[in-house]
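J.: Attaching a predicted model along with its sequence, questions to come.
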Amino acid sequence: MRVSTRGDYAARALLSLSMHAPSGGSGEGGGAVDEPTTVRTIAERTGLPQPYLEQILLALKGAGIVRSKRGVGGGYVLARSPEEISLAQIVRAVDGPISLGDFGHPHTDGACDHEGQCVLLAVWNNVGAAMRELLEGFSLADVGSMARGEAKWPPTEPTTTR
């Protein structure tokens, strides 16, 4: 599976909101109230195309990841704290379920009728599950800490168990 351009742009936009939010969080639970950030400002900070970004933010709003305010002084804020928003949630909000492909499940609907197919289906399902687990392991707060140089970046080379 590849993270789509939509998934990447969504993560970049939310990271921008996260990194420019007051330290009080999303404004929920009595913390500091975030000032909404306009789509134009997010586009300028991230270098993302504004029309596409508007569509992505609407999808994120529908998923409950951001809230919007209309009118003068309007824009977007995170609906939850950055610690509570995982990369997996972001990708699912704009791209749908995280999977390697729609190959079916081993041992169902004649999936094992062809040589080796059942084994490969099991492998693809495991790879998709590993990707979901990896993306669940990174929150916006984690990525923000790395971007600010406060935490170690993840390895750039894939780790293997072999």
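T.: Yep, it's here.
J.: make it CA atoms for all contacts and neighbour counts henceforth
T.: Will do.
J.: So which other helices or strands are in contact with the helix or strand of the chain with the lowest mean pLDDT?
T.: Between all helices and strands in the chain, the lowest mean by mean pLDDT, DSSP states H and E belongs to helix 117-136, at a mean of 83. Using 3 or more CA pairs under 8 Å, 6 or more residues apart in numbering; DSSP states H and E as the contact definition, the elements that helix 117-136 packs against are helix 87-95.
J.: how many neighbours does the closest residue to Val3 other than its chain neighbours have?
T.: Taking CA to CA, 6 or more residues apart in numbering as the measure, Val3 lies nearest to Val91, with 7.4 Å between them; neighbours along the chain are not counted. For Val91, the count of nearby residues is 23 (other CA atoms under 10 Å).
J.: which residues does Val91 contact?
T.: With contacts taken as CA atoms under 8 Å, 6 or more residues apart in numbering, Val91 has the following neighbours: 3, 7-8, 10-11, 98.
J.: Then Leu15 would be within a strand, right?
T.: No - if the criterion is DSSP: H, G, I helix; E, B strand; the rest coil, then Leu15 is helix and not within a strand.
J.: Quick check: pLDDT value at it.
T.: Leu15 is assigned a predicted lDDT (pLDDT) of 96.
J.: Correct me if wrong: it contacts Phe138.
T.: No - contact status for Leu15 versus Phe138: not in contact, 11.9 Å apart, counting by CA atoms under 8 Å.
J.: pLDDT value on the spatially most central residue of the chain, please?
T.: For the chain, the residue whose C-alpha lies nearest the mean C-alpha position (CA atoms, centre = their mean) is Ile90; its distance is 2.6 Å. Predicted confidence (pLDDT) at Ile90: the value is 96.
J.: shouldn't it be in contact with Ala10?
T.: Yes - using CA under 8 Å, Ile90 and Ala10 qualify as a contacting pair, with a distance of 6.7 Å.
J.: Identify the contacts common to the two.
T.: Looking at what touches both Ile90 and Ala10 (by CA under 8 Å, 6+ apart), the common residues are Leu60.
J.: before we move on, back to that, show me how far the least confident helix or strand of the chain is from its chain's centre.
T.: On the basis of CA atoms, centre = their mean, to the nearest Å, helix 117-136 is displaced by 19 Å from the centre of the chain it belongs to.
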